[in-house]
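Colleague: model this:
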Amino acid sequence: MQSIIVLQELIDRLPARLQALPAGNVERKRAPDAWSVKEELGHLLDSAANNHQRIVRTQLEEHPAMPSYDGDAWVALHQYQRRDWQTLIERWAALNSQLLAAAEAVPDPDWSRTCTIADSGPLTLQFVFDDYIEHMLGHLRHMGVKVDDLVLQASSAG
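Modeller: Predicted coordinates:
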């Protein structure tokens, strides 16, 4: 599946790209109420944790009802701006490796299983996973990280 290949490419190659970002850039906020790159990566940690739950529970339960989460509140609670950049990168790789393992365990017919998130209608597991990857790619692009070459490489591999 295309999204699985993209996630594997990101896990393999993104940490080096994140480490290469200039230190001053990762902590700088574009505006007082905007996330820094460090906080945006932290948001991706929270997104991985929430989406991992969605992938696992949708495989194990019939039509689970999942909560939404307040991204700003989670970022503030975890105090990502004060955290070590290298540690955040390592956590991103570890959480996404765990999420990838759960996604790789999905039998083909189970990608059509459904869940709800907050007050959504039924969402297929395929939609949830693909949406997670697109959400992550959007944030990475916003952070100034090159990812389109990885997506293209995954497209040609799949």
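Colleague: Could you report the neighbour count for L99?
Modeller: The local packing of L99 (other Cβ atoms under 10 Å) involves 24 other residues. For every residue, glycine as well, the C-beta is placed using N, CA and C.
Colleague: Excluding chain neighbours, what is closest to it?
Modeller: Of all residues not flanking L99 in the chain, H52 sits nearest, at 4.5 Å (Cβ to Cβ, 6 or more residues apart in numbering).
Colleague: Buried residues of the helix or strand that contains that neighbour, list them for me.
Modeller: Using DSSP states H and E, H52 falls within helix 37-60. If you call a residue buried by 16 or more other Cβ atoms under 10 Å, then helix 37-60 has these buried ones: 37-48, 50-56, 58-59.
Colleague: Please apply the same query to stretch 102-117.
Modeller: Neighbour counts over stretch 102-117 (16+ other Cβ under 10 Å) mark 102-103, 106, 111, 113-115, 117 as buried.
Colleague: next one: stretch 141-158
Modeller: Judged by neighbour count (16+ other Cβ under 10 Å), stretch 141-158 contains these buried residues: 143, 145, 147, 150, 154.
Colleague: Let me know the average pLDDT across it.
Modeller: If you average the pLDDT over stretch 141-158, you get 89.
Colleague: Among the buried residues of stretch 102-117, which are located in helices?
Modeller: Among the buried residues of stretch 102-117, DSSP state H puts 102-103 in helices.
Colleague: Adding distance to M66, write the buried residues of stretch 102-117 out as CSV.
Modeller: CSV is the format used below for the buried residues of stretch 102-117 (distance: Cβ to Cβ, whole Å):
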residue, distance to M66
A102, 14
A103, 16
V106, 16
W111, 17
R113, 13
T114, 11
C115, 6
I117, 5
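Colleague: Any stretches of the chain with poor pLDDT?
Modeller: Confidence mapping of the chain against pLDDT under 70 gives the ranges 1, 158.
Colleague: Can you show me the strands along it?
Modeller: 65-66, 114-117, 123-124 (DSSP state E).
Colleague: out of those, nearest to R13?
Modeller: Each of these was scored for nearness to R13 using Cβ to Cβ, and the closest is strand 123-124 (28.2 Å).
Colleague: Tell me which strands the closest one pairs with, and in which orientation.
Modeller: Applying DSSP bridges, strand 123-124 is found paired with strand 114-117 (antiparallel).
Colleague: Fine by me, we can end here.
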